[in-house]
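> just coords:
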């Protein structure tokens, strides 16, 4: 059995004290002699997507033991973006991604594990653990906690967390009663799991499967299904096979698997946060990618799915329609999938598709390749004088009326002021809500702004108002929400020069975002501009702001 890594810590005369501490854990001599597999468990009692992960961890450990290894569990933190949303707590969400990666690396290297199983579920825990997986390059596999089932509104129709965010605007506009809002609060999120639509958590769990570092089913099997427990047991068994065969993450994550991930990203209509996380993950694997590859793939990869918030379907529907392998099999009909990419099954993508007989079971949930929702991808990268380094929009969730539109800027220095203006009825059809200083450095922390976008939709302005920011959006954001505008205002980006009343031209089909202000006027504004003092009172955020790179490169730490 391949336990060379842990042998550095547990074998030899001088390692008698180390073995003594392993015995102190209650391990037997037989257990110590086997490969030691770290099980990274991000369970906690504040994140609904993580409250059941102890059951997943127990199943993983059972699988490891069945396959001849010794599982050793250790924790990781996780932030619930829904709970952190629309207050200061959201500033800590994106920084947690790097902290998760760092802490996983510290634990794995300090304790000489032979292999690892990562158990995340919600937004930053998945990319954080994948970043650690690439850095460590030990035989590893990821198994998530699975998506939440959809809940209900007072009408009896399905609902999810985004329904509640949008209901705030609906209630303010008199479209919902207090009783209807109360019912939705209580029933929209029925239990454990990552929120039920194609939001950031589910996007990343699906893409982990697509990349090849998670087993088929990882992205879509619901959290409460017994199949999720079986998947976790298989993940525990599989990591031992990876160890025996010395298959490591960097054998799996290649330029071709990058293209597969982005192709499926476009087909699913994933969260715009994938454009932030994938460069950070692949950067840890030594693959330098930026917005250009997203734009290139988006132009040729069709959008096949409209899951919530873009449409009426949920993750349960995608699972019943065949899951991620079915989506890949449909894309393969147009030659858009690299089938020779290795996966943690020990087989290639093509072998996984053919041996499972994967195919689309419901063409209402996954459109056929010759009849897509959009001929190009669900995410578009825009450029122009307001975003010379690019910005992103979830095209699949934009109303047709907003795909090409001039809007009049209303500028706000932070999310709170914008949210107040929206709920106070100060935003009118044809406006472009511009929120500045919410980028990785300027926030600091690059807050998600689901509340203002959901309020705009709930009030009924989703077809008439755009929101533009150097910050970011939730995967549940609906409408013409253009984020990650780079360079950010805090780095001297031209978005910081936008003024009330300026006209902004949006042309998503042609990938254009243009501020209709002359170069001379912009130069004058730049010469007169004085940046606001936005130094954070929190040491961890000041440290983050000093180290983080721009959103167009994944908001990674600067290289030392």
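That came in fine, so what should we check first? Source: prediction; values computed, not measured. Numbering: from 1, shown residues only.
> and the biggest strand by length in the chain, what does it pack onto?
Once the chain is assigned using DSSP state E, the strand that runs over the most residues is strand 404-412. Packed against strand 404-412 by the contact rule (3 or more Cβ pairs under 8 Å, 6 or more residues apart in numbering; DSSP states H and E) you find helix 415-423, strand 431-435, strand 503-507. Glycine gets a C-beta too; all of them are placed from N, C-alpha and C.
> so which bits of that strand are buried?
Of the residues in strand 404-412, 405, 407, 409-412 count as buried by neighbour count, 16 or more other Cβ atoms under 10 Å.
> can you report how many residues neighbour residue 169?
With neighbours defined by other Cβ atoms under 10 Å, the count for residue 169 comes to 24.
> re the thing from before, what angle sits between the longest strand of the chain and strand 503-507?
Regarding strand 404-412 and strand 503-507, their directions subtend 140 degrees when assessed with axes from the mean of the first three to the mean of the last three Cα atoms, to 10 degrees.
> please work out the average pLDDT along strand 404-412.
Strand 404-412 comes out with an average pLDDT of 97.
> just the residues contacting that strand, thanks.
418, 421, 426-427, 430-436, 465-466, 480, 498-510, 516 (Cβ atoms under 8 Å, 6 or more residues apart in numbering).
> one step back: can you redo the buried residues of strand 404-412 as a markdown table with distance to residue 367?
Putting these into a markdown table (distance: Cβ to Cβ, whole Å) gives the following:
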| residue | distance to residue 367 |
| --- | --- |
| 405 | 26 |
| 407 | 30 |
| 409 | 36 |
| 410 | 37 |
| 411 | 39 |
| 412 | 38 |
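> from these, pick the one nearest residue 98.
Within the buried residues of strand 404-412, distances to residue 98 taken as Cβ to Cβ reach their minimum at residue 412, with 27.6 Å.
> so what sits opposite that closest one in the bridge?
Taking DSSP bridges as the rule, residue 412 bridges to residue 435.
> separation between it and residue 257?
40 Å (Cβ to Cβ, to the nearest Å).
> does the closest residue to residue 471 other than its chain neighbours belong to a helix, a strand or coil?
Spatial nearest neighbour of residue 471, chain neighbours left out: residue 438 (3.0 Å); criterion: Cβ to Cβ, 6 or more residues apart in numbering. For residue 438, the reduced secondary structure class is coil; criterion used: DSSP: H, G, I helix; E, B strand; the rest coil.
> any weak-confidence spans in the stretch 1-150 of the chain?
Across the stretch 1-150 of the chain, the stretches falling below the confidence threshold (pLDDT under 70) are 1.
> ranges for the helices of it?
Listed in chain order, the helices found in the stretch 1-150 of the chain under DSSP state H, counting those that start in this stretch are 4-10, 16-24, 29-33, 53-66, 81-84, 93-110, 125-136.
> just the stretch 351-500 of the chain next, same as before
Under the criterion DSSP H, counting those that start in this stretch, the stretch 351-500 of the chain carries helices at the ranges 415-423, 450-459.
> for the last one, what is the average pLDDT?
It refers to helix 450-459. 91.
> just give me the neighbour total for residue 226.
Other residues near residue 226 come to 8 when the count uses other Cβ under 10 Å.
> would you quantify the distance from it to residue 321?
To residue 321, residue 226 is 20 Å away according to Cβ to Cβ.
> which residues in the stretch 151-300 of the chain form strands?
Taking DSSP state E, counting those that start in this stretch as the criterion, the stretch 151-300 of the chain contains strands spanning 151-152, 158-159.
> no wait, the stretch 351-500 of the chain
Secondary structure of the stretch 351-500 of the chain (DSSP E, counting those that start in this stretch): strands located at 380-384, 387-393, 404-412, 431-435, 466-469, 480-486.
> which strands or helices does the shortest one pack on?
This means strand 466-469. strand 431-435, helix 450-459, strand 480-486, strand 503-507.
> correct me if wrong: residue 126 contacts residue 144.
Yes: checked against Cβ atoms under 8 Å, the pair residue 126 and residue 144 is within contact range at 6.7 Å.
> shared neighbours of the two, anything?
Common neighbours of residue 126 and residue 144 are listed as 120, 205, 208 (criterion: Cβ under 8 Å, 6+ apart).
> residue contacts, the residue lying closest to the last one once chain neighbours are set aside?
With Cβ to Cβ, 6+ apart as the criterion, residue 208 has its nearest non-adjacent residue at 4.2 Å, and that residue is residue 214. Taking Cβ under 8 Å, 6+ apart, we find residue 214 in contact with 141-144, 205, 208, 235, 344.
> what's the spacing between residue 214 and residue 234?
Residue 214 sits 11 Å away from residue 234, taking Cβ to Cβ as the criterion.
> center of this protein, which residue is that?
For the chain, the residue lying nearest the average C-alpha position, counting by Cα atoms, centre = their mean, turns out to be residue 200 (3.6 Å).
> any idea how many residues pack against the closest residue to that one other than its chain neighbours?
Distances taken as Cβ to Cβ, 6+ apart place residue 475 nearest to residue 200, at 3.7 Å, with adjacent residues excluded. Here the count is done by other Cβ under 10 Å, and residue 475 has 29 residues near it.
> contact partners for the residue nearest to the centre of the chain?
With Cβ under 8 Å, 6+ apart, residue 200 has these contacts: 81, 123, 271, 273-274, 474-475.
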